[in-house]
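Chemist: Quick check, what structure comes out for this input:
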Amino acid sequence: MKRQLMMMAALMGVASLGWADTPREAATDRMDKAAGVLHEIMASGDKGIPEEVLEHAKCVAVVPHMVKGGFVFGAEGGRGVATCRTESGWSAPGFFSIEGGSWGLQIGVEGIDLVMIVQNDKGMEQLLNSKFKIGADASAAAGPVGRHASADTDWKMDAEILTYSRAKGVFAGLALNGAAVHEDKDSMKAVYGADATEREVLTGKLPPPPSAHAFLAAVRGAKAEASAAEK
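Modeler: Below you'll find the predicted structure:
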């Protein structure tokens, strides 16, 4: 009997390791990783997101490590974090999931980071609605890359969302269509409570949690980092 109890205790200990990451901890980890993605991209100088694109942005959304081990949207991928401009600055982060879509040669690459820049009110409204399809409900285009967006491009007019990807250190615009974006209710509930909605969070109705500091600081400092990388 004693031996059986010891074995049961050991099994429970092993199981608890798999449950160590609570939804709140997972959400915090995602925000921290998203902050790291922005720092690395904006420090890349002529291979980063142009300053003009950031100045024009209504919302910034990041999905860190979307592809793992050759599978699209694996156990650690397909979930992102977003913030939108409000009258008082960037909003508290909202959490979303993304699935489906066409990735072309990106499929099978381990560790794709996705950045989506929402450019206008129509694109922002789709994000606030908590569920939309890229390319159908909101148009998307591969975003320009470099220190500055070329004046002769139509990046402001072509799409509601500009998309970027980074794989194995290579950062480029990504033509992403057909992907479904919807609210990550588990993470929203874990961070803000059961009654919080994506719209309330992204319009500034709820204050950001302390765990969001690194991500929001990365978004606020993105343009400054791009300027510093240019010098």
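
Chemist: Could you identify the longest helix within this protein?
Modeler: Assignment by DSSP state H gives helix 23-42 as the longest helix of the chain.

Chemist: Need the residues that contact that helix.
Modeler: Contact with helix 23-42 is made by 21, 48-49, 60, 62-65, 79-81, 93, 95, 113, 115, 164, 166, 171, 186-187, 189-191, 211-212, 214-215, 217-219, 221-222, 225-226, 229, as judged by Cβ atoms under 8 Å, 6 or more residues apart in numbering. Just so you know, the C-beta spots here come from the backbone N, C-alpha and C atoms, and that holds for glycine as well.

Chemist: Buried only: go through the residues you listed for me.
Modeler: 48-49, 60, 62-65, 79-81, 93, 95, 113, 115, 164, 166, 171, 187, 189-191, 211-212, 214-215, 218-219, 222, 225-226, 229 (16 or more other Cβ atoms under 10 Å).

Chemist: Which ones among those lie within strands?
Modeler: With strands taken from DSSP state E, the overlap with these comprises Val60, Val62, Val63, Arg79, Gly80, Val81, Phe95, Asp113, Val115, Tyr164, Arg166, Phe171.

Chemist: so the fifth one sits right up against Ile98, yeah?
Modeler: Spelled out, it's Gly80. Yes: using Cβ atoms under 8 Å, Gly80 makes contact with Ile98 at a distance of 6.3 Å.

Chemist: re the thing from before, could you save the ones in strands among the buried ones among the contacts of helix 23-42 as a markdown table and add columns showing distance to Asp137?
Modeler: A markdown table is the format used below for these (distance: Cβ to Cβ, whole Å):
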| residue | distance to Asp137 |
| --- | --- |
| Val60 | 19 |
| Val62 | 20 |
| Val63 | 18 |
| Arg79 | 20 |
| Gly80 | 17 |
| Val81 | 20 |
| Phe95 | 19 |
| Asp113 | 23 |
| Val115 | 19 |
| Tyr164 | 20 |
| Arg166 | 25 |
| Phe171 | 26 |
